[in-house]
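In: below: sequence and its predicted model.
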Amino acid sequence: MSKKLFGTDGIRGVAGQSPLDRRTVHAVGLALGKDMRERGHEGQALIGMDTRESGPWIAAELAAGLAAQGVESRFAGVVTTPGVAFLTRSDTFGAGVMISASHNPFQDNGIKVFATSGFKLPDAEEHLIEEEIFHILPDVVPSGTERLEVDPGLDREYLDYLLSSLRTPLDGLKLVLDCGNGAASHLAPDLFRRAGADVIAIFDQPDGRNINLNCGALYVENLRREVLAQQADAGVAFDGDADRAILVSKSGKIVDGDHVMLIAARDLQARGHLAGDLVVSTVMSNLGLERALAHEGIRMLRTPVGDKYVLEEMERRGAVLGGEQSGHIIFREYATTGDGMLTALRIFEIAASTGKGLDELSAGLEIYPQRLVNVRVRERRPLEEMAAVNAEIAACERAFDGSGRVLVRFSGTEPLARVMVEGPDLQRVEEFSRRIADAIRAEIG
């Protein structure tokens, strides 16, 4: 079953161009509305967005398509992706839609759909919605509507929920928040001030075009400098839709998703809350995390890249903690998706309750050298058909002899092949990542 519109994290593209042109977006609303009715979820749909300038008209076209199927929409305005997931399941919406392209630049946008359970749609349901979109698309006429009226109070309900989960106030913690000029810009400073922290907010003035622009979870150097300059206890950077978080310690150390999972797993295990002594991560997590967890008697299972797949494995195994090196962390007790603000709240809560900084909390994680090379490709040819690429991968695996890893995959959201090589020797890691990437360029670059 091959999907043409939905990638690993919804539909994504350049706003105004297929598949995010007005006609296709309207068709998505129509197809989703039909799917809701057929599944007995005729109630309202929730729509939220990040701060991109294209968000309002995409929301309006989606709502028009839903309305044509008899489905009313409530518009949360600017809210985080996990906020939409929470509100969808807690307020008995028939579906939730988040308009965001996550960490991508402002020109891009995307559509993520959540079921009434708060989970992202399963692949089979996305496939059925796709088929309906392609079936109706030739006859679709967009509405041309530009803007919806924001329903006040929905984002406050989400923040109240996060705050209610806090066991230890963050009194005395001085925190720097890099909001990425995205969905967290107004929400995160409010949340952490209400939690008791002394908050310094940066990149919290979105203008529709500066989302993720040299800031946020993919550009943490500005946050690092600010943490050091302000002599803060810690900092956190969110991506555009705030479903991920990368932290910085008082010393300026970058605390990524692997560090966060180790900190959280140790805390949960100490409190007897780490079900099955198990953590679920992806193929991208560092070997050092796997070994540090094993030292604590904790197993780590790997899934394909995407917090959707992490969550599916967590549900199968009954795990309560999972996530990605990139900062998508799922605390299953509280959420059905990665949540950057929840992640930061949990980790800073551990720091406040133990009196330890992030450096001490993440001690014992030896990071193996890892290189990720992105190769822009003109097609996605099966790897097994590229003999030269396979020869380089085999050579790398022989050289590491079990002490390292190599992973080659295609991006689910961009025309890229991603080459990841990891091992104990940096020189070899860089050499093999370059050789494999060059082989891919020669074949399909």
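Out: Cool, the structure landed. Note that the structure is predicted; figures quoted are calculated from it, not measured.
In: tell me the SS of residue 204?
Out: coil (DSSP: H, G, I helix; E, B strand; the rest coil).
In: my read: it touches residue 177, true?
Out: Yes - counting by CB atoms under 8 Å, residue 204 does reach residue 177; the two are 7.4 Å apart. Yep, even glycine has a C-beta here, placed from its N, CA and C like the rest.
In: which of those two has more residues huddled nearby?
Out: residue 177 (29 against 18; other CB atoms under 10 Å).
In: quick one, phi psi at that one?
Out: Residue 177 adopts backbone torsions of phi -110, psi 120, taken as degrees, to the nearest 10.
In: count the residues that sit near the closest residue to residue 215 other than its chain neighbours.
Out: Of all residues not flanking residue 215 in the chain, residue 203 sits nearest, at 3.9 Å (CB to CB, 6 or more residues apart in numbering). Residues lying near residue 203 (other CB under 10 Å) number 26.
In: and for residue 416?
Out: 16.
In: now it, which residues is it bridged with?
Out: residue 376 (DSSP bridges).
In: how about the helices of the stretch 51-200 of the chain, start to end?
Out: Along the stretch 51-200 of the chain, the stretches classed as helices by DSSP state H, counting those that start in this stretch are 55-68, 81-90, 123-136, 154-164, 187-194.
In: which one of those is the most hemmed in?
Out: helix 81-90 (a mean of 26; mean count of other CB atoms under 10 Å).
In: give the other helices and strands that that one contacts.
Out: Helix 81-90 makes packing contacts with strand 45-49, strand 73-78, strand 95-99, strand 108-115, helix 154-164, helix 340-354 when contacts are defined by 3 or more CB pairs under 8 Å, 6 or more residues apart in numbering; DSSP states H and E.
In: so which of the ones you listed comes closest to residue 423?
Out: helix 340-354 (28.4 Å; CB to CB).
In: the closest one packs against which elements?
Out: By 3+ CB pairs under 8 Å, 6+ apart, helix 340-354 packs against helix 81-90, helix 154-164, helix 187-194, strand 234-238, strand 245-249, helix 257-270, strand 329-331, helix 358-361.
In: to residue 40, which of the ones you listed lies closest?
Out: helix 81-90 (15.8 Å).
In: which residues are contacting that closest one?
Out: 46, 48, 76, 79, 93, 95-98, 100, 102, 112, 114-120, 154-155, 157-158, 161, 183, 187, 241-243, 335-342 (CB atoms under 8 Å, 6 or more residues apart in numbering).
In: I'd like the mean pLDDT over that helix, please.
Out: For helix 81-90, mean pLDDT is 96.
In: re earlier: want to throw the helices and strands packed on helix 81-90 into JSON lines with mean pLDDT and distance to residue 322?
Out: Output for these, formatted as JSON lines (pLDDT from 0 to 100; distance: least, CB to CB, whole Å):
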{"stretch": "strand 45-49", "mean pLDDT": "98", "distance to residue 322": "24"}
{"stretch": "strand 73-78", "mean pLDDT": "96", "distance to residue 322": "26"}
{"stretch": "strand 95-99", "mean pLDDT": "97", "distance to residue 322": "20"}
{"stretch": "strand 108-115", "mean pLDDT": "96", "distance to residue 322": "18"}
{"stretch": "helix 154-164", "mean pLDDT": "96", "distance to residue 322": "19"}
{"stretch": "helix 340-354", "mean pLDDT": "98", "distance to residue 322": "12"}
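In: select, out of those, the one closest to residue 309.
Out: When the helices and strands packed on helix 81-90 are compared by CB to CB, strand 108-115 sits nearest residue 309, at 14.7 Å.
In: distance from the chain centre to the closest one, please.
Out: 12 Å (CA atoms, centre = their mean, to the nearest Å).
In: give me the contacts around it.
Out: 9-15, 20, 25, 28, 32, 52, 54-55, 58, 62, 81, 84-85, 88-89, 95-102, 104, 120-121, 125-126, 129, 336-337, 413.
In: same question for stretch 179-187.
Out: Against stretch 179-187 from outside (CB under 8 Å, 6+ apart): 49-51, 78-81, 83, 100, 155, 158-159, 177, 188-189, 201-207, 210-213, 215-217, 237-242, 340-341.
In: first-to-last residue distance for it?
Out: With CA to CA, to the nearest Å applied, stretch 179-187 spans 9 Å between its terminal residues.
In: any idea of the mean pLDDT in that stretch?
Out: 98.
In: where does the chain dip in pLDDT?
Out: Applying pLDDT under 70 to the chain picks out residues 1-2.
In: domain-wise, how is it divided?
Out: 6-154, 156-254, 255-355, 370-444 (automatic domain parsing).
In: redo those domains as TSV? Include distance to residue 361.
Out: Putting those into TSV (distance: least, CB to CB, whole Å) gives the following:
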stretch	distance to residue 361
domain 6-154	23
domain 156-254	9
domain 255-355	5
domain 370-444	22
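In: closest to residue 363 out of the ones you listed?
Out: domain 255-355 (9.2 Å).
In: now the terminal residues of that closest one, how far apart.
Out: Domain 255-355: ends 18 Å apart by CA to CA.
In: and if you look at stretch 70-82?
Out: By CA to CA, one end of stretch 70-82 lies 26 Å from the other end.
In: in it, which residues are buried?
Out: 71, 73-82 (16 or more other CB atoms under 10 Å).
In: list the contacts for residue 194?
Out: Taking CB under 8 Å, 6+ apart, one finds 159, 163 in contact with residue 194.
In: tell me how far it lies from residue 348.
Out: Counting by CB to CB, to the nearest Å, the gap from residue 194 to residue 348 is 13 Å.
In: also residue 122?
Out: From residue 122 to residue 348 the distance is 34 Å (CB to CB).
In: ok, back up a step: quick one: which of the helices and strands packed on helix 340-354 is nearest residue 308?
Out: strand 329-331 (10.1 Å).
In: neighbouring strands for that closest one, and are they parallel or not?
Out: strand 321-323 (antiparallel).
In: more crowded one of residue 122 and residue 348?
Out: residue 348 (24 against 12).
In: so what's the more buried one up against?
Out: 170, 173, 175, 192, 195, 197, 234, 236.
In: surely the fourth one and residue 169 touch.
Out: Same thing as residue 192. No - counting by CB under 8 Å, residue 192 stays clear of residue 169, with 10.9 Å between them.
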